[in-house]
Every structure is written in structure tokens, then in C-alpha cells.
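Undergrad: model this:
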Amino acid sequence: MIVSHDRYFLDKVATEVYEISRHKIQHYKGNYSYYLTEKAARLEQELKAYEKQQDEISKLEDYVARNLARASTTKMAQSRRKRLEKMERMDKPKGDERSARFSFEIAKESGNVVLTLENGAVGYADTILADPINLDIRKQQAIAIVGPNGIGKSTLLKSIISEIPLLKGRVQLGANVDLGYYDQELGNLSKNKSVLAEIWDLHPTLNEKDVRSILGSFLFSGADVEKTIPALSGGEKARLSLCKLALDQKNFLVLDEPTNHLDIDSKEVLENALIDYDGTLLFVSHDRYFINRIATSIVELSAEGSKLYLGDYDYYIEKKQQEAALAALQQAENAAEATAAVEPLSKAKGDYVSSKEKLKLERKLARQVEALENELATVEEAIAAIEQQLTEPEVYGDHEKVQQFNQQLLALQARQDELMQDWEEQTMALEELSE
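TA: Residues are numbered from 1 along each chain as shown. Predicted structure coming up:
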């Protein structure tokens, strides 16, 4: 039996799901994705049954009201009234329990370059954990940092916010960058204040009604706002930290394991808020589903430093598998060369297997290169079309239209750069295999 908030893990492992909600338990025979689909289907079915019964009740009550006083129809009306009295009435089905609702706004725009770090290193004392680390973060990117435990991911974030010094290198923030930080240890919360005071003391110009309303959107209502922070659960402290972060309206959010203490519903609310966020994100997370929804790029930390992957978590995993396959192929070729003089027959057999694997990988890479070239052609056509529209008088004379087209153009150009880099990597890999 497993209790988990990891949706990928539940999908892979669980064969049955028990949901505890509103003092009841519901059973679903399937994984987490099945549970979501089946739950929605059950709710729809229950609503239809409830509405059907309400319609029947309305008709019976109307008949009784119109016919009870008439002598010719009194018995019929009394019969229907008894039917109403004996009817076991359904409660109106309730959907999901109340979820948090919030968004992240920005008070001012940052410059295009948000953060740079060249040849940095993290660690402690004289021990370097990862080196060299290179970051070039641009406006509105969402970058996830991944890597094995203990490699210095959280340490890097703390170095970026100047809490821990880098062992090498220097972090450079861009123009108008306003940084907000979420600490997985929730150390930014006071030790003895109430929930209400924690927010109100930071924003004293707000009236109490507004503060309570804001806290309500993070599921703190009624007497909850009078609780002291040490009395809160991990999930409540996490929501309070997110509330503080949302009110700060920073344009660059650095998040260290933001989903650690959140239930699945709160995770989904956070994901949607970050997807709609107009600022820049840099975060560490072990939640694969969260990374896949939020990240536009992945930075992998290892003892050899950092490596950038221009895509979501699924893309990162696919690239890692390709790299492992190429490394295994290279190792097999090296082993075959080493034994060539003493085992010619084994070499021939090994060469045959290696050639087969090589051909399979070549075909896969060729398909990926072709797909990238097709997407590049589509993106380039779209760029050309927008550039043409920007030259038309009815467009360049309209400031709002120009701004809208420029935003589309920037997004397309960023995608073009990503595709070009990916195309170059895949083409080089294909050329190496062909040699």
C-alpha cells in the first residue's frame, strides 16, 4: 500500500486507487490516470441521476399542489404525496474539494538577459561537487536543474541568491531583475507569528479584509489565519510561503523543490500559475510530472559540470538514452578493435552485431534530423510571414499589433535557435556514426 503525491510514480506502480475525501472512501481499479478519468465519469453520472430525480420531484410536487384540493383528483394527489414522502432523496454530488487558487504577477519587466554564470563551481570547504557550471538564462525561460542527490543543486540556488558563496565564478544578474526565492526548508517563515500577521506585517497598507481574502485563496479561512506558524502542517507552511512569494510580484523566481509538501491538487494549481507566469523561472525538482509541465530547458548537474538540454523532461530522458546508446556503441567498437588480433572470428561476429546496432541508430537519427528540418522550414516560413506583415502600413501604424507580432516573432526565433542547436547535435551524431 502506497501513499504518494508523485503522479508518474502512481501511474507506473499503482493498480488500484483509494480516494479519501469528505469523510468517505472511494475505490478505483486502475492507475492514477484511470482514477482521474473514472472519477470524472462517475461525477457526471451522479449529476445526471440527481438532476433526473430533481425533475421528478418537481413534477410530483407540482401535481400535488394543483390537484390535492380538487375532489376528483384528491386520491391521485395523496398517492403522489406519499410517494414523495417515501422517496430517498439524493444529495447533490460535489466535485473536488476546495483547491487553492492563485497566480504570480510581476511588478516590472526584466531585461532580456536575466542571469549569467561562467565556469562556476559549487561545493563546500575544499571539496568541489560540480565544475564547471555555465548558465545563460533569458527572459521568460523556465529552466529545471536536475542531477543526482548531493551534487549541489540546492547549493547552486543558494549561491545564486548569495546565501552560499560559489567556489569559482560569479553570478551576474541582468537589468531590472527582481529575484524571489522559495526555500524547500521553508526557512523564510517567522517562528512565532500567526498566519495573518506573517502576511499583514509585510504588506501593512492592505486592510484586514483584503489580507484574509488573499489568505483564503491559499486555503486559510476563518480561525486558520489565527494559527501560529509552528502549529502549521508542512503543506500549510508551503502554501503560506507561496502566498508570500506571489504577493512580492518578482520577475525572476528561484524555486527549490516547490512541490515537496503539496498535495496533488495544490501541485496542479501551482503548475497552472507558473505556466501563466510572465517572468523567468529557475527551479530544482524531483517531480518528473511537474518538470515536464513547466520546464522549457533542462540543466543537468554532474561532477563534470553543467549540460544544457533544450526541451522538457521527456526530451532530456530521450537524449540521455541516445547518449548512452552512442557510448555503448563506441565502447563495443573499442573492445572489438582491442581483441582484433587474437580473436578474428569473435571480432567478425561483434562487428556484425555492432553494425546492426549502428544501422538501427543511424536510421533513428536520420528520421529525427528530417523531422527537425521539416519543423525548421515551418518556423522559418512563419517568421518570414510575420516579418512581411510588419512592413504593411496597417500593421506598423498600430502599436498594439506591432507589439503582438513582435512577441510572436521572438517566440518563433527562440524556437528556431533551439531547433538549430538540436539539428546540429543530431547531424554531428549522424556524421560520427557514418565515419
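Undergrad: can you give me the strands in the chain?
TA: Listed in chain order, the strands of the chain (DSSP state E) span 17-21, 24-28, 113-124, 127-138, 142-146, 171-173, 179-182, 252-256, 280-284, 297-302, 305-309.
Undergrad: tell me the angle of the fifth one relative to strand 252-256?
TA: With axes from the mean of the first three to the mean of the last three C-alpha atoms, to 10 degrees applied, the angle from strand 142-146 to strand 252-256 works out at 20 degrees.
Undergrad: Just checking: what are the partner strands of strand 142-146?
TA: Each strand paired with strand 142-146, and its direction, by DSSP bridges: strand 280-284 (parallel), strand 297-302 (parallel).
Undergrad: Need the residues that contact it.
TA: Defining contact as C-beta atoms under 8 Å, 6 or more residues apart in numbering, one finds that strand 142-146 is touched by 135, 137, 153, 156-157, 274, 280-285, 291, 294-301, 313, 316. All C-beta spots, glycine's among them, are computed from the backbone N, C-alpha and C.
Undergrad: where does the stretch 301-435 of the chain dip in pLDDT?
TA: Scanning the stretch 301-435 of the chain for pLDDT under 70 picks out the ranges 339-356, 434-435.
Undergrad: The same query, at a cut-off of 80, please.
TA: Applying pLDDT under 80 to the stretch 301-435 of the chain flags the ranges 333, 335-363, 395-400, 430-435.
Undergrad: Show me the helices in it, by range?
TA: Assigned helices in the stretch 301-435 of the chain, in chain order: 313-338, 344-389, 393-396, 399-434 (criterion: DSSP state H, counting those that start in this stretch).
Undergrad: can I get the CA coordinates of the shortest one in PDB?
TA: By that I understand helix 393-396. Listed in PDB are the C-alpha atoms of helix 393-396, where the atom choice follows Å, rounded to 0.1, in the frame of the first residue of the first chain:
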ATOM      1  CA  PRO A 393       1.200  50.200 -43.200                       C
ATOM      2  CA  GLU A 394      -1.900  49.000 -41.400                       C
ATOM      3  CA  VAL A 395       0.300  47.000 -39.000                       C
ATOM      4  CA  TYR A 396       3.400  49.200 -38.400                       C
END
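Undergrad: I'd like the distance from it to the chain centre, please.
TA: Computed by C-alpha atoms, centre = their mean, to the nearest Å, the chain-centroid distance of helix 393-396 equals 38 Å.
Undergrad: Adding mean neighbour count, write the strands of the chain out as CSV.
TA: As requested, these are arranged in CSV below (neighbours: other C-beta atoms under 10 Å):
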stretch, mean neighbour count
strand 17-21, 12
strand 24-28, 11
strand 113-124, 19
strand 127-138, 18
strand 142-146, 23
strand 171-173, 15
strand 179-182, 20
strand 252-256, 22
strand 280-284, 23
strand 297-302, 20
strand 305-309, 17
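Undergrad: Asp417: which of those strands is closest?
TA: The stretch from the strands of the chain with the least distance to Asp417 (C-beta to C-beta) is strand 127-138; that distance is 10.1 Å.
Undergrad: So in that sheet, which strands flank the closest one, and in what orientation?
TA: strand 113-124 (antiparallel).
Undergrad: okay, the angle between the partner strand and strand 305-309?
TA: Between the axes of strand 113-124 and strand 305-309, defined by the same axes, to 10 degrees, the angle is 140 degrees.
Undergrad: contact partners of strand 113-124?
TA: Counting contacts by C-beta under 8 Å, 6+ apart, the residues outside strand 113-124 that touch it are 128-139, 141, 152, 155-156, 159-160, 164, 166-175, 177, 252, 280, 282.
Undergrad: any idea how far it is from the chain center?
TA: Distance, centroid of strand 113-124 to centroid of chain: 24 Å (C-alpha atoms, centre = their mean).
Undergrad: let's number from 45 now, not from 1
TA: I'll keep to 45 as the first residue from here, and by that count the last item is strand 157-168.
Undergrad: hey, C-alpha coordinates of it in CSV?
TA: Written as CSV, here are the backbone C-alpha positions of strand 157-168 (Å, rounded to 0.1, in the frame of the first residue of the first chain):
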residue,chain,number,x,y,z
VAL,A,157,19.4,38.7,-20.1
VAL,A,158,18.3,37.5,-16.6
LEU,A,159,21.3,35.7,-15.2
THR,A,160,24.7,34.5,-16.4
LEU,A,161,27.3,32.3,-14.8
GLU,A,162,30.6,31.3,-16.4
ASN,A,163,32.8,28.4,-15.2
GLY,A,164,31.2,28.4,-11.8
ALA,A,165,31.8,25.7,-9.2
VAL,A,166,29.8,24.6,-6.1
GLY,A,167,30.7,22.6,-3.1
TYR,A,168,31.9,23.1,0.5
